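Visitor: Attaching a predicted model along with its sequence, questions to come.
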Amino acid sequence: PEHYGINLFGMDVIEECERLGILVDVSHASDEVCRDVYHSSFKPFIATHSGCRALFDHPRNLTNDNIELIADSKGIICVPFVRNFMGDSIDDVVDHIQHVIDITGSTQFVGIGSDLDGAGMVKDVPDVSKWSKIREALKWRNFQEDDIELILGGNLARVLGS
């Protein structure tokens, strides 16, 4: 935030990334940078491991406005399992998934972005061996199988192919 978004060099970097087929990721970016990426991009961009600030007030999480911008670009928000950004349980993770769906009106703009690199994970998913619990939690919340497949990888595959 102290740098007020993207400068001209940053805009050049976005242009070059898009030319080379590299996705722009705003997970560690400020709110201003996310908005600037939206206005500077011609392709989808993503948040590879960000939750929803409306549910858990942490600067790493996205505002509802930025969730809408990512969806408008046809990108996706990949929800992590990090306790410090999400809450304590897999139910909290599913709440973030549901919030993205509620904001965007679709299951096409949300995915999984675990952030399994040493951060403290929610108690139900401490490592990749427990990823099946996310499928179980989505089924328990009455998500349809087609939507579960989109959330668990289909949406990311779409964006990677764009």
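Guide: Cool, got the structure.
Visitor: residues near the nearest residue to Asp127 once chain neighbours are set aside, how many?
Guide: Among residues not flanking Asp127 along the chain, Leu116 sits closest, at 6.5 Å (CB to CB, 6 or more residues apart in numbering). Where you see a C-beta, it was placed from the backbone N, CA and C, and this is true even at glycine. Using other CB atoms under 10 Å, Leu116 has 16 neighbouring residues.
Visitor: Next, the contact list for Leu116, please.
Guide: Leu116 makes contact with Phe81, Asp127, Val128, according to CB atoms under 8 Å, 6 or more residues apart in numbering.
Visitor: Show the buried residues in these.
Guide: Phe81 (16 or more other CB atoms under 10 Å).
Visitor: Which ones among the contacts of Leu116 lie within helices?
Guide: Among the contacts of Leu116, no member is found in helices (DSSP state H).
Visitor: Cys78 looks like it's in a strand, true?
Guide: Yes: the assignment for Cys78 is a strand, going by DSSP: H, G, I helix; E, B strand; the rest coil.
Visitor: Could I get the full set of helices for this structure?
Guide: Going by DSSP H, the chain shows helices at 8-20, 31-40, 64-72, 83-86, 90-104, 132-140, 145-149, 155-160.
Visitor: how far does the longest one sit from the chain's center?
Guide: Between the mean C-alpha point of helix 90-104 and the mean C-alpha point of its chain there is a distance of 11 Å (CA atoms, centre = their mean, to the nearest Å).
Visitor: which secondary structure elements does it contact?
Guide: In terms of contacts (3 or more CB pairs under 8 Å, 6 or more residues apart in numbering; DSSP states H and E), helix 90-104 is packed against helix 64-72, strand 77-79, helix 83-86, strand 110-112, helix 132-140.
Visitor: can you tell me the average pLDDT over it?
Guide: For helix 90-104, the mean per-residue pLDDT is 97.
Visitor: For the lowest-mean-pLDDT helix or strand in the chain, enumerate the helices and strands it packs against.
Guide: Here the helix or strand of the chain ranked lowest by mean pLDDT, DSSP states H and E is helix 83-86, holding a mean of 90. When contacts are defined as 3+ CB pairs under 8 Å, 6+ apart, helix 83-86 packs onto helix 90-104.
Visitor: All good on my end, thank you.
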